[in-house]
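>>> Dropping the sequence and predicted coords here.
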Amino acid sequence: MLESLSNLYQLMDDAWSRIAALYQFQCNGCQDNCCKSLFFHHTHIEKVYLRHGFDQLESDRKNDILNKAEDYCRKTFLADGEIKNLKIMCPLNEKSRCILYPYRPMICRLHGLPHELRKPGSNPVIETGCRAGRFDSQSYFKFDRTLFYQKMAHLEIYYRQTSKKKGKINETIAQMLISQ
């Protein structure tokens with residue numbers, strides 16, 4: 001199953017790179033760095049894949065990352081249930097790069113570019129992309145994420161059935177790292 005997810009990620013990366021090239025866009029980090037965004041991830045299979053990559057790291061490095069993840073969660077998720085969006089750097093980011101880049105979740109792969117999603121019976125929802133790309137002054141190059149979301153949903157359903165996982169998740173990368 002993880003191989004199927006890896007193949008899907010490769011399709012995402014290829015599509016993102018193709019569209020980024022049309023815009024002549026390169027993500028080199030910026031003031032609004034998406035690694036400081038409060039993203040929630042919703043699939044068990046992506047969590048397993050991320051943890052698989054994490055488990056390959058040396059123990060000292062894992063401990064350092066877990067400390068950062070715990071600090072992230074302590075500052076973001078308050079005891080009273082409030083969630084603070086403090087623009088804290090993802091605990092996997094070192095020197096402006098993701099140390100688990102090959103294992104990063106879907107939203108980390110697809111973020112940044114103008115794109116669309118198509119829900120059945122509705123008009124496509126078109127998003128403008130990140131501010132760093134200054135895409136609003138350019139023509140839109142079609143980047144339909146719908147098929148990626150559909151394929152991810154099928155993988156997630158299959159994973160839940162075969163692993164007997166119940167319920168949904170709604171976790172940041174920091175939470176995915178510190179929870180089992």
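Sure, I can see it. Owing to the predicted nature of the structure, the values given are computational and were not obtained by experimental measurement.

>>> hey, let's count contacts and neighbours off CA atoms from now on
Fine.

>>> Go through the helix ranked longest in the chain and flag the buried ones.
The residue-count maximum for a helix in the chain (DSSP state H) belongs to helix 2-23. Neighbour-count burial for helix 2-23 flags 5, 8-9, 12, 15-17, 19-20, 23 (criterion: 16 or more other CA atoms under 10 Å).

>>> how far is it from where the chain is centred?
Relative to its chain's centre, helix 2-23 lies at 13 Å (CA atoms, centre = their mean, to the nearest Å).

>>> for stretch 26-44, same thing?
7 Å.

>>> what do you get for stretch 102-118?
Put simply, stretch 102-118 sits 7 Å off its chain's centre (CA atoms, centre = their mean).

>>> sorry, back to before: so for the longest helix of the chain, what's the average pLDDT?
Across helix 2-23, pLDDT averages out at 96.

>>> in stretch 168-180, what's buried?
Within stretch 168-180, the residues scored as buried using 16+ other CA under 10 Å are 171-177.

>>> after the longest helix of the chain, next one along is what?
Counting by DSSP states H and E, the next helix or strand C-terminal to helix 2-23 is helix 44-55.

>>> Could you name the helices and strands sitting against the longest helix of the chain?
Helix 2-23 is packed against helix 44-55, helix 106-110, helix 146-163, with contacts defined by 3 or more CA pairs under 8 Å, 6 or more residues apart in numbering; DSSP states H and E.

>>> Deepest-packed of those, please.
Across the helices and strands packed on helix 2-23, the average number of neighbours (mean count of other CA atoms under 10 Å) peaks for helix 44-55, which reaches a mean of 19.

>>> tilt between that one and helix 2-23?
Here helix 44-55 points in a direction 90 degrees away from that of helix 2-23 (axes from the mean of the first three to the mean of the last three CA atoms, to 10 degrees).

>>> Show me what helix 44-55 is in contact with.
The contact list for helix 44-55 (CA atoms under 8 Å, 6 or more residues apart in numbering) reads 2, 5, 62, 100, 103-106, 155-156, 159-160, 165, 168-169, 176-177.

>>> Give the next helix or strand downstream of it.
helix 59-76.

>>> Quickly check the buried residues of helix 2-23 for the two that are furthest apart.
With CA to CA as the measure, no two of those lie farther apart than 5 and 23, at 27.0 Å.
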